[in-house]
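**Q** Pasting the sequence and the predicted model now:
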Amino acid sequence: MHTITVSHPNGKYPILIGEGLLAQAGDLLVRAGFQGRCAVVTNPTVGRHYADPLLTGLQTAGLDPVRIDIPDGEPYKTLDTVAQLYRNLVEAGLDRRSPILALGGGVLGDTAGFAAATYLRGVPLVQIPTTLLAMVDSSVGGKTGVDLPQGKNLVGAFKQPEMVLVDPAVLATLPAAEFRAGMAEVIKHGIIDAPALFESLEAGRYDQTWMLAEAIQVKVRVVQEDPFEQGRRAVLNLGHTFGHAFERLSDYTIRHGEAVAMGTVCAARLAVRLDLCPPDTADRITRLLARTGLPTEPPPYAPDEVLAAMATDKKRRGRQLRFVLPRGIGDVDVFADIPEAEVKAVLGEG
């Protein structure tokens, strides 16, 4: 088992990486001082594979778990879903020391995490990500939230988990398209702050557990430096200003990782147009994403539509959009005052 410790202003928590951790969750919670009632929040897709082993382990450890299912998918990452979850938690008798275990991908972790941040003004949270994307990105760092019709993640809270349990064995049932979507975030982390990870992915020589740990370490380094997204943490949004707009315009039929892949290529091409990075850097990024099976050309939305969708992006400052752009592999920064014509030109390159 590999352990990564995350420090934050109110304490620290472990990210545990190892096969078989799902069944050990009960023992780990008891060792952390938890007892009695707890809630496993999952969805039917994940639940049919992994809820029973988790519940059995919790019961064997002496805990009293209840399973709560919420609908699967981004369209249900809403305040309505959270409101129903509150009602379920009240009916289940959870008190302020009763942990919520989020068993699922990024959408579920964000939604259950927001409920944990706000139910009874905050209850303990354990993240158990079951997708590659959630393992390397959304389960780490304490950001939780839901969408509004106007855009993604416009309502949320920072909620640090008690622990994150990453069991690579659960990836065995992850559909290939979802695994590829998660690889977009792994590659993104390599571009941000892990040249060795990026180069290993280029060469096709890496161990899965090593890859997970390296990608997670990038997120950990950034969020420890900037736990509340006041500065450096914005670099984790590489590809997201474009990507979130693509997702919204598709009515969330484009997977998040696919949108990030297309958005990352757009960001790299924009950086080349602005003379911030050499063309070879953009070419390497595009080749690796394409070889992973991810889309690299922007979807055929009119540039004006994409810009309008960007207008509610939560990363903006006032009316000013901000873009995370690469200077090289392992070197990115945040830029504003980008001429609209340059953004439109990149969108037209596809």
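**A** Done, it's in.

**Q** Any buried residues in stretch 247-263, and which?
**A** 247-249, 252, 254-263 (16 or more other CB atoms under 10 Å). Any C-beta I mention is one placed from the backbone N, CA and C, and that applies to glycine too.

**Q** Quote the end-to-end distance of that stretch.
**A** 10 Å (CA to CA, to the nearest Å).

**Q** Adding distance to residue 130, pLDDT and secondary structure, write the buried residues of stretch 247-263 out as TSV.
**A** Listed next are the buried residues of stretch 247-263 as TSV, based on distance: CB to CB, whole Å; pLDDT from 0 to 100; DSSP: H, G, I helix; E, B strand; the rest coil:
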residue	distance to residue 130	pLDDT	secondary structure
247	21	94	helix
248	25	93	helix
249	28	96	helix
252	19	91	coil
254	21	96	coil
255	15	95	coil
256	15	94	helix
257	15	96	helix
258	19	98	helix
259	20	98	helix
260	19	98	helix
261	21	98	helix
262	24	98	helix
263	24	98	helix
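
**Q** what pLDDT does the residue of the chain most remote from its centre get?
**A** Ranked by distance from the centre of the chain (CA atoms, centre = their mean), the top residue is residue 62, with 31.4 Å. pLDDT, residue 62: 98.

**Q** Any figure for the gap between the residue most central in space within the chain and residue 145?
**A** Geometric centre of the chain, nearest residue: residue 138, 2.5 Å, by CA atoms, centre = their mean. As judged by CB to CB, to the nearest Å, residue 138 and residue 145 stand 10 Å apart.

**Q** And for residue 323?
**A** Here residue 323 is placed at a distance of 21 Å from residue 145 (CB to CB).

**Q** These two: who's more crowded?
**A** residue 323 (28 against 21; other CB atoms under 10 Å).

**Q** check contacts around the more buried one.
**A** Contacts for residue 323 (CB atoms under 8 Å, 6 or more residues apart in numbering) come out as 241, 267, 270, 334-336, 338, 343.

**Q** you'd agree the residue nearest to the centre of the chain is up against residue 106?
**A** Yes. Between residue 138 and residue 106 a contact is recorded at 3.8 Å, counting by CB atoms under 8 Å.

**Q** Mutual contacts of these two, please.
**A** Residues touching both residue 138 and residue 106 (CB under 8 Å, 6+ apart): residue 129.
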